[in-house]
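Novice: model this:
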Amino acid sequence: AVTFADRAPGALTSERVGEVESSPGADLLYRGGFSLLAVGPEFFEMFERPIVAGRPFHHGDWHPTARTVLVNEAFARAFLRETGRGLPIGAHLRYRGARQVDDVVLGEMVTDTEFEIVGVVRDFGLYPDDSGDELPFVFHAASAGTASPLVMSVRVRGNPDPLAARLPIIAANVDARLFVRNAQPLDVWIRQRDDGLTMVAGALAA
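Specialist: Residues are numbered from 1 along each chain as shown. Okay, the predicted model is just below:
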């Protein structure tokens, strides 16, 4: 399986503050901070994250004029906790304020435009807060032509190390202008991501 996104799973993401309304122009139901991820086709299937409510992205959601998003279970739990209204399927999300992390991919998309929440996807378990709970996420549909940086995820049978080593050569053979900044197995990437936090936690414990 092959897919892509604007971040590696578990990486630092762009964050925005958003407001959720039951319909355009209706009273505010919920306001909070959300992490954003722009994903390509088959992203959730790739990581075996099923849609638990509503629907997944379909072909029309990748059209430039589409205004649909998916959210994760953590988002749905926060929405339920704050509103008592059940799932946010069909509600409309509008972003407010500046991004906390600069993001090229969503630069033209995360304005005051309203987006309809069409589905809820299973939590990834890679984005815990200080209490160990998953962070609320909003997922936008992204095309390979607009995602920057473009982070590919490839699922292989067996050991991924040989493909990771060959990937820069494969890319250069396709187009000499293609530059693979990094290629490594996902478990190695996550371990490196956590090294700093592990060292800090160990120092504090000591």
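Novice: Burial check on F44, number of neighbours?
Specialist: By the criterion of other C-beta atoms under 10 Å, F44 has 20 neighbours. In this view, the C-beta of every residue, glycine as well, is placed from N, C-alpha and C.
Novice: Could I get the contacting residues of it?
Specialist: Applying C-beta atoms under 8 Å, 6 or more residues apart in numbering to F44 gives the contacts 50-51, 56, 70, 121-122.
Novice: Buried residues, the host helix or strand of V200. List them.
Specialist: Using DSSP states H and E, V200 falls within helix 186-205. For helix 186-205, a neighbour-count test (16 or more other C-beta atoms under 10 Å) marks 186, 189 as buried.
Novice: Can we start the residue count at 46 from this point?
Specialist: Taking 46 as the first residue, the last one we looked at is helix 231-250.
Novice: for it, the distance to its chain's centre please.
Specialist: 21 Å (C-alpha atoms, centre = their mean, to the nearest Å).
Novice: So which elements touch it?
Specialist: With contacts taken as 3 or more C-beta pairs under 8 Å, 6 or more residues apart in numbering; DSSP states H and E, helix 231-250 sits against no other helix or strand.
Novice: Give the rounded mean pLDDT of it.
Specialist: Averaged across helix 231-250, the pLDDT comes to 82.
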